[in-house]
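Engineer: Have a look; sequence and predicted model below, questions after that.
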Amino acid sequence: MAGYTRNSKSKRATLADVAKLAGVSAITVSRVLNHPDKVSDDLCHRVREAIDTLGYIPNQSASSLASARSKVIGVAIPSLSNIVFNDVLRGIYDIAGGGGYKVLLVDTHYSPIEEEGMIRTLLSQSPEAMIVTGGDQTRACQRMLSSAAVPVVQMMELLEHPLDMNIGISHFNAGAEVAKKLIACGYQRIGFIGARMDARVQQRMAGFKGALQCQNLYQAPYFATTAEPSSIALGGELLRALLSASGGKLDAVFCCNDDLALGALFESQRMHLNVPKDLALCGFNDFEASAFVNPSLSSVHVPRYQMGVQAAQMILDVLNDKPLPSKQIDIGFEVRMRQSTCMASL
């Protein structure tokens, strides 16, 4: 910036500056910042007031070097725009914050390669623990996490061989359960639409397909998938394509998430199809809107907030040397059948 020169007014305040203004020692300031429970209320007030007056920003790097504790938990999720992760993150933040930890969050954009780079960046910040999504990291990324010597939780799905700790659900079983419920209701021509097709979506589709095959009800033309990001608009497009490919013979469709299911519902209404009389629909994730559209949308409910809570609590328990009942938690799911599938009473 032209004409700009650093002067005394722009100098960053130091811990010594805070101590001088508050009339205490630097050690006292450090205790207020890191262990306020060990300092009197009066001293805490004086130090906090000095911090606010000077606009002091603690040097976390220096603090972690001195104490070997960064008080930071690294979290990697595949999308900040996907509201599926909102509840999970809220649970993580609630527990981490309550335990005196900060969360350093990155968005990996559903890319294992980008995830590898982001996790390398997170680990360079000396986090005390890591929470990552799923188990499809690159081998290099898994080696980094394993050699980081910090607790690691892989969340959102159950893994056969987790790196350390794991919490989630079996997406395969969830997909299979949806198929079983639709079959039990008498549906015979059952389809599937999926987007993005990340590992968890593929597991849902595999479980769904397997359950149909067991009853000789699987037909390839009844499945429509795309690598495009999921959206309500795409749900409508995929439903039209699927109905065209199947000759309009479908009587039920499982959508890999509620975005697509809502789009399919709206498109069905535009096509003057009665849901569920002409076409039954079921989604996944059980968004709040799903229970309030008309007809209400059947969906698979996963306790996402509780998943975030328990993921963070596992981390804190390990960091505080508390025993874990198990290093793997099946958080469970529930297929909530509503008006869109004629199964509200089942």
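Structural biologist: Structure received. Numbers count the residues shown, from 1 in each chain.

Engineer: What's the end-to-end length of stretch 107-118?
Structural biologist: 8 Å (C-alpha to C-alpha, to the nearest Å).

Engineer: What segments of this protein are strands?
Structural biologist: For the chain, the strands defined by DSSP state E occupy 72-77, 102-107, 129-133, 152-157, 165-169, 190-194, 223-225, 252-255, 280-284, 298-301, 328-330, 334-336.

Engineer: Let's have those in JSON lines, adding mean neighbour count.
Structural biologist: For the C-beta atoms, the positions are set from N, CA and C on the backbone; glycine is no exception. Output for the strands of the chain, formatted as JSON lines (neighbours: other C-beta atoms under 10 Å):
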{"stretch": "strand 72-77", "mean neighbour count": "25"}
{"stretch": "strand 102-107", "mean neighbour count": "17"}
{"stretch": "strand 129-133", "mean neighbour count": "26"}
{"stretch": "strand 152-157", "mean neighbour count": "25"}
{"stretch": "strand 165-169", "mean neighbour count": "24"}
{"stretch": "strand 190-194", "mean neighbour count": "26"}
{"stretch": "strand 223-225", "mean neighbour count": "20"}
{"stretch": "strand 252-255", "mean neighbour count": "30"}
{"stretch": "strand 280-284", "mean neighbour count": "28"}
{"stretch": "strand 298-301", "mean neighbour count": "25"}
{"stretch": "strand 328-330", "mean neighbour count": "16"}
{"stretch": "strand 334-336", "mean neighbour count": "17"}
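
Engineer: Can you check which of those strands gets nearest to residue 33?
Structural biologist: Relative to residue 33, the nearest member of those by C-beta to C-beta is strand 102-107, separated by 12.6 Å.

Engineer: Give the pairing partners of that closest one; include direction for each.
Structural biologist: When pairing is defined by DSSP bridges, strand 102-107 lines up against strand 72-77 (parallel).

Engineer: Average pLDDT for the partner strand, rounded please.
Structural biologist: Strand 72-77 comes out with an average pLDDT of 97.

Engineer: who touches that strand?
Structural biologist: Strand 72-77 is contacted from outside by 60, 64, 85, 88-89, 92, 96, 101-108, 115, 118-119, 122-123, 125-133, 312, 315, using C-beta atoms under 8 Å, 6 or more residues apart in numbering.

Engineer: Alpha carbons of it, as CSV, please.
Structural biologist: The C-alpha trace of strand 72-77 is given here as CSV (Å, rounded to 0.1, in the frame of the first residue of the first chain):
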residue,chain,number,x,y,z
VAL,A,72,-6.4,-27.5,18.6
ILE,A,73,-8.4,-30.3,17.0
GLY,A,74,-8.2,-30.6,13.2
VAL,A,75,-11.4,-31.4,11.3
ALA,A,76,-11.7,-32.3,7.6
ILE,A,77,-15.0,-32.6,5.9
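
Engineer: Show me the residue at the heart of the chain, geometrically.
Structural biologist: residue 85 (3.5 Å; C-alpha atoms, centre = their mean).

Engineer: list the contacts for that residue?
Structural biologist: By C-beta under 8 Å, 6+ apart, the contact set of residue 85 is 77-79, 304.

Engineer: Please repeat the previous calculation with a cut-off of 10 Å.
Structural biologist: If you count contacts by C-beta atoms under 10 Å, 6 or more residues apart in numbering, residue 85 has them with 75, 77-79, 92, 105, 107, 133, 155-156, 304, 308.

Engineer: repeat for residue 256
Structural biologist: Contact analysis of residue 256 by C-beta under 10 Å, 6+ apart lists 171, 175, 192-198, 200-202, 204-205, 208, 225, 230, 235, 238, 283-285, 300.

Engineer: again, but for residue 160
Structural biologist: Residue 160 makes contact with 135, 166, according to C-beta under 10 Å, 6+ apart.

Engineer: for this structure, which spans come out with low pLDDT?
Structural biologist: 1-12, 57-68, 343-346 (pLDDT under 70).

Engineer: domain ranges for it?
Structural biologist: What automatic domain parsing lists as the domains of the chain is 8-58, 71-169+304-332, 171-302+335-341.

Engineer: and those domains, which is most packed in?
Structural biologist: Comparing these by mean neighbour count (mean count of other C-beta atoms under 10 Å), domain 171-302+335-341 ranks first with a mean of 20.

Engineer: That one: how far from the chain's middle?
Structural biologist: How far domain 171-302+335-341 lies from its chain's middle: 22 Å, per C-alpha atoms, centre = their mean, to the nearest Å.

Engineer: end-to-end on it?
Structural biologist: Note: domain 171-302+335-341 ends 20 Å apart using C-alpha to C-alpha.

Engineer: residues contacting residue 151?
Structural biologist: Applying C-beta under 10 Å, 6+ apart, the residues near residue 151 are 73, 127-131, 164-165, 314-319, 324, 327.

Engineer: Would you mind checking which of these is nearest to residue 249?
Structural biologist: Using C-beta to C-beta, residue 131 comes nearest to residue 249 of the contacts of residue 151, at 44.5 Å.

Engineer: The closest one contacts residue 101, correct?
Structural biologist: No: with contact defined as C-beta atoms under 10 Å, residue 131 does not count as touching residue 101 (11.1 Å).
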